[in-house]
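Student: okay, predicted coordinates and the sequence, questions at the end:
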Amino acid sequence: MENFRYPLSPGQGDFIMFIARKYEGGGVEFGDNGLTTKRLGVEVANIVLPIQSSITDSNGVDWKDDRLDPLRAGAADIASAAVEGEGNEFQGKIGKVSEFLKKNKETIGNAVGTKLIESALGVNLLQRFSGKVINPNLELLFNGPTLRNFTFTFFMVAREPREAEQIKGIIKAFKKSMAAKSGGGAFLEAPDIFEIKYMDGDTGQLHNSLNRIKASALQNMNVDYTPAGTYSTFADANKTMTAYRMTLQFGELDPIYDTDYDDHPIGF
């Protein structure tokens, strides 16, 4: 396993650690949150960098608007009647729709006829002549979790030859880990994946006041070799650039669940 650190000076304080691991397709198991997949294989590289000046996370959940007007509800009532067996909770809840449709048979029938004409002519007759629309019963419904993305930018300047080698080694390690593995056969293997950890420099443990990040894939990497806007190198044998700006974009492999917040003061 390769180890890299920037800067090299001791006592750099709190830091962020990137642990590259081989992607391991370990099959699928049933866990507390449904299906889980083992992915973290052996460590390939360990990269330590200073914590950024801007640290943010953004959590989201997928909610989408949904419509259930009386006509669709009626169709659902008919369909649910064909479903047999105990525990058909849906059938019980939708059953009263048929009663509503019977009571409003004439009004809804006229609206359906008007809608058919509207579709044929491409005009909004119901709204134009009556100022009415069929109640869509609009509601925001939970559609599932989402996956988070994280972007990190590091500005690196070498202050000595050893540090220059570390910087170039870090850039190469990230590039190599994110590349597809040829394997030499008919198939390609997945790139390495990363554990990303904010670490407390005093204790060597996870930082208790910063967010955690789940195992992630390095999706995009950008290296600016002339961040000052001009070509400039040191006078060493390899003509090391005077500065490098590296931008990394990661995507988490798994969504966040409420049970993930059990063992950390801030969590994910």
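Tutor: Nice, I can see it.
Student: contacts and neighbour counts: CA atoms only from here.
Tutor: Will do.
Student: buried ones in stretch 230-246?
Tutor: In terms of neighbour count (16 or more other Cα atoms under 10 Å), stretch 230-246 has its buried residues at 240-246.
Student: could you work out the end-to-end span of it for me?
Tutor: Using Cα to Cα, to the nearest Å, one end of stretch 230-246 lies 16 Å from the other.
Student: what helices or strands is the longest strand along the chain leaning on?
Tutor: In terms of residue count, the longest strand belonging to the chain (DSSP state E) is strand 40-50. Under the contact definition 3 or more Cα pairs under 8 Å, 6 or more residues apart in numbering; DSSP states H and E, strand 40-50 sits against strand 2-5, strand 15-23.
Student: and the most centrally placed residue in the chain, what pLDDT?
Tutor: Residue closest to the mean C-alpha point of the chain, counted by Cα atoms, centre = their mean, is Leu147 at 2.0 Å. What the model reports for Leu147 is a pLDDT of 95.
Student: would you check that it makes contact with Asp254?
Tutor: Yes - with the criterion set as Cα atoms under 8 Å, Leu147 and Asp254 qualify as a contacting pair; they are 6.5 Å apart.
Student: circling back: tell me which of the helices and strands packed on strand 40-50 sits most buried.
Tutor: When you average the neighbours per residue for each of the helices and strands packed on strand 40-50 (mean count of other Cα atoms under 10 Å), strand 15-23 leads with a mean of 21.
Student: how far off centre is that strand?
Tutor: Centroid separation between strand 15-23 and its chain, computed with Cα atoms, centre = their mean, to the nearest Å, is 18 Å.
Student: that strand pairs with which strands, and in what direction?
Tutor: Partner strands and pairing direction for strand 15-23 (DSSP bridges) are strand 40-50 (antiparallel), strand 193-199 (antiparallel).
Student: just checking, next helix/strand downstream of the first one?
Tutor: Yep, that's strand 40-50 we're talking about. Note on strand 40-50: by DSSP states H and E, the next helix or strand toward the C-terminus is strand 61-66.
Student: what's that next one packed up against?
Tutor: strand 139-145.
Student: what comes into contact with the helix or strand that comes right after the strand it packs on?
Tutor: Remark: after strand 139-145, the chain's next helix or strand is strand 149-156, criterion DSSP H and E. With contact meaning Cα atoms under 8 Å, 6 or more residues apart in numbering, strand 149-156 is reached by 6, 52, 57, 167, 243-252.
Student: ok, now which ones touch Leu49?
Tutor: When contacts are counted by Cα under 8 Å, 6+ apart, Leu49 touches 5-7, 15-17.
Student: repeat that for 10 Å
Tutor: Contacts here follow Cα atoms under 10 Å, 6 or more residues apart in numbering; on that basis Leu49 touches 4-8, 12, 14-18, 154, 156, 170, 198.
Student: and this structure, what are its domains?
Tutor: For the chain, the structural domains run 2-62+146-261, 68-137, going by automatic domain parsing.
Student: end to end, how far does the longest one reach?
Tutor: To tie it back to what came earlier, the one meant is domain 2-62+146-261. Start to finish, the residues bounding domain 2-62+146-261 are 32 Å apart (Cα to Cα).
Student: how far is stretch 159-173 from where the chain is centred?
Tutor: How far stretch 159-173 lies from its chain's middle: 31 Å, per Cα atoms, centre = their mean.
Student: pLDDT below threshold where in this structure?
Tutor: 10-12, 26-38, 70-132, 184 (pLDDT under 70).
Student: rewinding a little: return the set of buried residues in the longest strand of the chain.
Tutor: Neighbour-count burial for strand 40-50 flags 40, 43-50 (criterion: 16+ other Cα under 10 Å).
Student: of all those, which comes closest to Gly183?
Tutor: Checking those against Gly183 with Cα to Cα, the nearest one is Val44 at 16.0 Å.
Student: the closest one is in contact with Phe4, isn't it?
Tutor: No - judged on Cα atoms under 10 Å, Val44 makes no contact with Phe4 at a distance of 11.5 Å.
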